[in-house]
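**Q** Sequence and predicted structure are below.
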Amino acid sequence: MLYPENLIKRVSEIGVLACEQGRLQDAEVIFGGVAAIADDVTSHTAAGLGMAATKIAGGDFESGVKLLSDNLAALDYENMDALALLVFAMKRSGREQDAEELIPRLTSNPDFKGSLAEEILLAAEG
């Protein structure tokens, strides 16, 4: 590994903070950098998910859907929070039926109740 995993994780956390503060361009640059240096699937996928979150926060729901779909496929759709974010972006981009098809994957997960994924799904429906 060229860069230690903890460094990649820390830089990704800075990207999340930038996104939360509305500094979407900064977040995109950070996640793009993480994707460029990541040499394992997990780190690269995390950077893609972060990039998708910045697109969604900026109202570019279709780009968010594309990035999430690509990255979730690498994770076999196991990341509940990312899957919920995909449902959110699909609903906001008018792809209601696609979103509805994914919801049972979330709600059938035993860890769904009380999770961040549940909060995202509630926001998508609201």
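**A** Yes, it's here. Not measured: the values here are computed from a predicted model.
**Q** Tell me how far residue 25 lies from residue 54.
**A** Between residue 25 and residue 54 the distance is 8 Å, computed by Cβ to Cβ, to the nearest Å. All C-beta spots, glycine's among them, are computed from the backbone N, C-alpha and C.
**Q** more neighbours, the two?
**A** residue 54 (26 against 11; other Cβ atoms under 10 Å).
**Q** That one: what's it in contact with?
**A** 15, 19, 24, 27-28, 31 (Cβ atoms under 8 Å, 6 or more residues apart in numbering).
**Q** Please tell me how far the spatially most central residue of the chain sits from residue 113.
**A** Nearest to the mean C-alpha position of the chain, by Cα atoms, centre = their mean, lies residue 49 at 3.5 Å. Noted for residue 49: a distance of 22 Å to residue 113, by Cβ to Cβ.
**Q** what do you get for residue 42?
**A** From residue 42 to residue 113 the distance is 26 Å (Cβ to Cβ).
**Q** Give me the more crowded residue out of the two.
**A** residue 42 (13 against 9).
**Q** In terms of helices and strands, where is that one?
**A** Following DSSP states H and E, one finds residue 42 within helix 41-57.
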